[in-house]
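Novice: with the input below, show me the fold.
(2 chains)
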Amino acid sequence: MNSSEVTTTVLAAAQTAAPAAGMTTSGWFLLLASWAAIVGVCVFCFWRIFSRRGEEHLVAPLEIETEPPPDAPRDADAPRL
Amino acid sequence: MASKSAPSSAPGPRPAWASRIGVVLAVAGSAVGLGNFLRFPVQAAQNGGGAFMIPYVVAVLLLGIPLMWVEWALGRFGGRYSHGSAPGIFDAVSGRRGVFKYLGAIGLLGPLLIMFYYVFIESWTLGYAWFSLTGDLETLKTPEHFKAFLKGYQGLESNEYFNGIGPAYVFYLITFAANFGIVYLGLTRGIERVNKIAMPLLAVLGIILTIRVFTLSAPAAHPEWTVGAGMGFLWNPDFQALKNPTTWLKAAGQVLFTLSVGIGVILTYASYLKPKDDIALSGLTAAATNTFFEVIIGGSLVITAAVVFFGPADAVSIAQSGAFNLGFVTMPQIFSGMAAGPVFCFLWFALLFIAGVTSSISLLQPAVSFLEDEFHLTRRRAVAVTAWVCFLMSQLAIFGLKDGAVDILDFWGGTLALVVFALIELILFGWVFGIDRGWNELHLGAEIRIPAFYKGVIQYVTPTYVLIILGGFAYDQWGAAGATRLSIAVLLGGLCWLIHYSWKNHPKQEVPRQ
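Specialist: Numbering: from 1, shown residues only, chains lettered A, B, ... in the order given. So this is what the prediction gives:
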């Protein structure tokens, strides 16, 4: 059975399995679980981002980059493995 | 030497994102495209309905999010060494080993190939938004009228609506100029500013359209064609579909495409981060935002509306007819049959256009960054060179549409290159850069702690997942013989790598020469 035949079979099954009868209990469960998880993660992420907004432009002294001395090891280069 | 440059000796400062939310929205904007609203609902309806969400969620957790983190980490690392595109980033991450920079070419080719046709398709949404306002779409009544209108507009046939590709070409030029104009304005004044406006606007448009679809009434002749029936068509699970490997492959493919991973775009965007900017939370936020648009907005619009207007039986054939038909034939027809139809039709195409623009500008940035960082071109010249290449090559998509040029570009750029590139990134991150160093890199400045099991997932599970997808595509395209050839090639590559690893790390006994 090639992929188009599989698709047609699945579609035909979907058509018979899902007549115009509204949502089943399992349909509601999957919809609500998916939506709740997605909205929950979005709210968590954006809350974390916006709650730390004021710190965005802070520069700690340790982050100030300085030129390495001429005899320093080449650790500033991309590391060789 | 440019190729050996350390951060302190980089030629001129690279631009950086002005705000944290700017980069998150830019990456999310890159991911949210036409596929979220057109491809996902079709895939879900065709592959088990609500049951599709099970392999989809598994793929998001084991494939999409790990790859997202890997790309953010690789990109930020490369940016530290003034590289913003895959060749330079791969070269830096691999410790300047020769071969990886050449593999990085896939990360330049992929987005360009997609851009060559994507900008033309994106311009259709602008054209249709215009025709919604002028009332041209309102005069169409039957599906045949809408199909003829689309074919005439695309230049595929001369008919009562269009006698040439002229109007489509005008909208293409406007879209093309808008894209390059935004990129020319630069990272913060162009890309970041546009995404900060476009993404909230996209959410508002999506929510308005979703509310409109949810308040549709069933036709008087078919009171059973309700919104509930439409949602049930998409969400009522057919668990038998889970036994079909195709369902799992389709879900994994959908996740890979929708998150814009494996294209090379996130690498470039992440290269403009500061060395200690968070990437763990930002990557997760971008993935979650994209999933919101795809599952909640995209999953509520087209299929639900199609069932309410045409019934479940016709919705099956509509879903089968493909994403373009759904977006440019079915949806305008649905809107033409409702009150204030032209307004909602305009909002629908505006939604698609905005989603398209935020994606297409991201596709340009790797090439522009490559020219800026590796050839030290000014932004103006880098954008001009990229624009000429894109303009010339997109003529293939425009005038070769009839002969399948778009399908070819989509397969090589939007399908195969993407999966191969994702696999290279995973190998580079988990095995060449080293998973321990990679893990530390991921957590540098991180605002969330990534669960420890993801270390194993990134090193073993996600590459295996991608390999299976690659095998599935090969089987789909070239049959069992192609999949077998690909497996042999992968096996040979793996053996060569083992030999290389052994000879490098386990010195061999000297053999005296005679």
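Novice: quick one: the strands in the stretch 1-150 of chain B, in order.
Specialist: Here the stretch 1-150 of chain B has no strands by DSSP state E, counting those that start in this stretch.
Novice: output the below-cut-off pLDDT ranges for the chain.
Specialist: You didn't say which chain, so I picked chain A. A:1-21, A:53-81 (pLDDT under 70).
Novice: wrong one, chain B
Specialist: B:1-12, B:514.
Novice: tally of neighbours for B:Tyr460?
Specialist: By other Cβ atoms under 10 Å in any protein chain shown, the residues close to B:Tyr460 number 13. Just so you know, the C-beta spots here come from the backbone N, C-alpha and C atoms, and that holds for glycine as well.
Novice: for it, which non-adjacent residue is spatially closest?
Specialist: Once flanking residues are discounted, B:Tyr460 sits nearest to B:Gly430: 8.0 Å by Cβ to Cβ, 6 or more residues apart in numbering or on different chains.
Novice: may I have the phi/psi pair for that neighbour?
Specialist: Main-chain torsions, B:Gly430, degrees, to the nearest 10: phi -80, psi -30.
Novice: same deal with the one 3 residues further on?
Specialist: Backbone geometry at B:Phe433, expressed as degrees, to the nearest 10, gives phi -70, psi -40.
Novice: what distance do you get for it to B:Val60?
Specialist: 24 Å (Cβ to Cβ, to the nearest Å).
Novice: ok, B:Ile266 next?
Specialist: For B:Ile266 relative to B:Val60 (Cβ to Cβ), the value is 15 Å.
Novice: neighbour count winner among B:Phe433 and B:Val60?
Specialist: B:Val60 (27 against 23).
Novice: distance of that one relative to B:Thr462?
Specialist: 12 Å.
Novice: how about B:Val261?
Specialist: Taking Cβ to Cβ, one finds B:Val261 at 10 Å from B:Thr462.
Novice: scan the chain for its longest helix.
Specialist: Using chain A. helix A:25-51 (DSSP state H).
Novice: to clarify, I was referring to chain B.
Specialist: helix B:462-505.
Novice: helices and strands around that helix, which ones?
Specialist: helix B:65-80, helix B:245-258, helix B:417-427 (3 or more Cβ pairs under 8 Å, 6 or more residues apart in numbering or on different chains; DSSP states H and E).
Novice: TSV for those, including distance to B:Glu224 and mean neighbour count?
Specialist: Shown next, in TSV, are those (distance: least, Cβ to Cβ, whole Å; neighbours: other Cβ atoms under 10 Å in any protein chain shown):
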stretch	distance to B:Glu224	mean neighbour count
helix B:65-80	40	27
helix B:245-258	28	23
helix B:417-427	41	23
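Novice: closest to chain A out of the ones you listed?
Specialist: helix B:245-258 (5.3 Å; Cβ to the nearest Cβ).
Novice: packing partners of the closest one?
Specialist: With contacts taken as 3+ Cβ pairs under 8 Å, 6+ apart, helix B:245-258 sits against helix A:3-17, helix B:34-46, helix B:53-59, helix B:417-427, helix B:462-505.
Novice: switch the cut-off to 6 Å
Specialist: Helices and strands touching helix B:245-258, by 3 or more Cβ pairs under 6 Å, 6 or more residues apart in numbering or on different chains; DSSP states H and E, are helix B:34-46, helix B:53-59.
Novice: can you tell me which of those is packed in deepest?
Specialist: Compared across the helices and strands packed on helix B:245-258, helix B:34-46 shows the largest average neighbour count, a mean of 24 (mean count of other Cβ atoms under 10 Å in any protein chain shown).
Novice: in this structure B:Ile106 contacts B:Ala417, no?
Specialist: Yes - the pair B:Ile106 / B:Ala417 is scored as a contact, 5.4 Å apart, by Cβ atoms under 6 Å.
Novice: dump the residue contacts of B:Val119.
Specialist: When contacts are counted by Cβ atoms under 6 Å, 6 or more residues apart in numbering or on different chains, B:Val119 touches B:175-176, B:360, B:394.
Novice: could you redo the last one with a cut-off of 7 Å?
Specialist: When contacts are counted by Cβ atoms under 7 Å, 6 or more residues apart in numbering or on different chains, B:Val119 touches B:175-176, B:179, B:360, B:394.
Novice: and B:Pro342, by the same measure?
Specialist: Contacts of B:Pro342 by Cβ under 7 Å, 6+ apart are B:132-133, B:135, B:138.
Novice: need the residues of the stretch 151-300 of chain B near chain A, please.
Specialist: The stretch 151-300 of chain B comes close to chain A at residues B:224-226, B:228-229, B:231-233, B:235-238, B:240-241, B:244, B:246, B:276, B:281, B:284-285, B:288-289, B:291-292, B:295-296, as judged by Cβ under 7 Å from any Cβ of the partner chain.
Novice: which non-adjacent residue is nearest the residue nearest in space to the middle of chain B?
Specialist: Taking Cα atoms, centre = their mean, the centroid of chain B lies closest to B:Ser260, which sits 3.6 Å from it. With Cβ to Cβ, 6+ apart as the criterion, B:Ser260 has its nearest non-adjacent residue at 4.2 Å, and that residue is B:Ala31.
Novice: is stretch B:309-325 up against chain A anywhere?
Specialist: Yes - part of stretch B:309-325 sits near chain A under the criterion Cβ under 7 Å from any Cβ, namely B:311-313, B:316, B:320.
Novice: including neighbour count, secondary structure and distance to B:Phe349, could the residues you listed go into JSON lines?
Specialist: As requested, the residues of stretch B:309-325 next to chain A are arranged in JSON lines below (neighbours: other Cβ atoms under 10 Å in any protein chain shown; DSSP: H, G, I helix; E, B strand; the rest coil; distance: Cβ to Cβ, whole Å):
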{"residue": "B:Gly311", "neighbour count": "20", "secondary structure": "helix", "distance to B:Phe349": "25"}
{"residue": "B:Pro312", "neighbour count": "23", "secondary structure": "helix", "distance to B:Phe349": "26"}
{"residue": "B:Ala313", "neighbour count": "12", "secondary structure": "helix", "distance to B:Phe349": "27"}
{"residue": "B:Val316", "neighbour count": "22", "secondary structure": "helix", "distance to B:Phe349": "25"}
{"residue": "B:Gln320", "neighbour count": "16", "secondary structure": "helix", "distance to B:Phe349": "23"}
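Novice: most widely separated two among these?
Specialist: B:Gly311 and B:Gln320 (14.6 Å; Cβ to Cβ).
Novice: re earlier: and of the contacts of B:Pro342, the nearest to chain A?
Specialist: Closest to chain A, out of all of those and judged by Cβ to the nearest Cβ, is B:Glu138, at 28.1 Å.
Novice: any idea how many residues pack against that closest one?
Specialist: Neighbours around B:Glu138, by other Cβ under 10 Å: 15.
Novice: what's the answer for A:Ser51, then?
Specialist: A:Ser51, neighbours per other Cβ under 10 Å, totals 10.
Novice: so how far is chain B from it?
Specialist: 10 Å (Cβ to the nearest Cβ, to the nearest Å).
Novice: roughly how far apart are that residue and B:Ala18?
Specialist: 19 Å.
Novice: do the same with B:Leu185
Specialist: Taking Cβ to Cβ as the measure, B:Leu185 falls 13 Å from B:Ala18.
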